[in-house]
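J.: got a structure for you, letters missing:
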């Protein structure tokens, strides 16, 4: 999926920036973020909205041209093989990206593996994979809140040991 997003990279912010920012603000209204938290954004795109989070953050995305626009540390990679140790991140986000992953179930297992506390996944409502992804989220993660917004359904999950 990286090549499509590499092709539209120059106009990505104009196309998706405001929508992603609004989702990030909704996330901030529903989770507690501490300055000492470490946040991972899986499928971060340009990662521009991460400036809203007052904590340490890093993004991962397969699209190198999008990553060039990021103002935070980023890694080129895929959700199905996150290059991080287990329980590395206090917060793991994936906003409107999971429908692009090759294997959403494997990606969710990886997200769960690297998360220490909060996991927030937004799923595009009109995705043909929506039902399959929602089922996988409910099987793998512990959902404590579900918010339906205009384009996405946002799942707020908490990892417990």
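T.: Alright, I've got the coordinates. Just so we're clear, the structure is a prediction, and the values are computed from it rather than from any experiment.

J.: now residue 156, what's its secondary structure?
T.: strand (DSSP: H, G, I helix; E, B strand; the rest coil).

J.: How about the contacts made by it?
T.: Residue 156 is in contact with 30-31, 118-120, 143-147, counting by C-beta atoms under 8 Å, 6 or more residues apart in numbering. For the C-beta atoms, the positions are set from N, CA and C on the backbone; glycine is no exception.

J.: hey, what's the residue most central in space within the chain bridged with?
T.: The residue lying closest to the centre of the chain (C-alpha atoms, centre = their mean) is residue 94, at 1.2 Å. Bridge pairing for residue 94 (DSSP bridges) gives the partners residue 121.

J.: and residue 81, what does it touch?
T.: Residues counted as contacts of residue 81 (C-beta under 8 Å, 6+ apart) are residue 110.

J.: in stretch 23-37, what's buried?
T.: 23-24, 26-27, 31, 33, 37 (16 or more other C-beta atoms under 10 Å).

J.: quick check: mean pLDDT across it?
T.: Regarding stretch 23-37, the rounded mean pLDDT is 94.

J.: Give me the pLDDT value at residue 17.
T.: 48.

J.: The residue nearest to the centre of the chain: what's it in contact with?
T.: Per C-beta under 8 Å, 6+ apart, neighbours of residue 94: 41-43, 79, 107, 111, 120-122.

J.: Lovely, talk soon.
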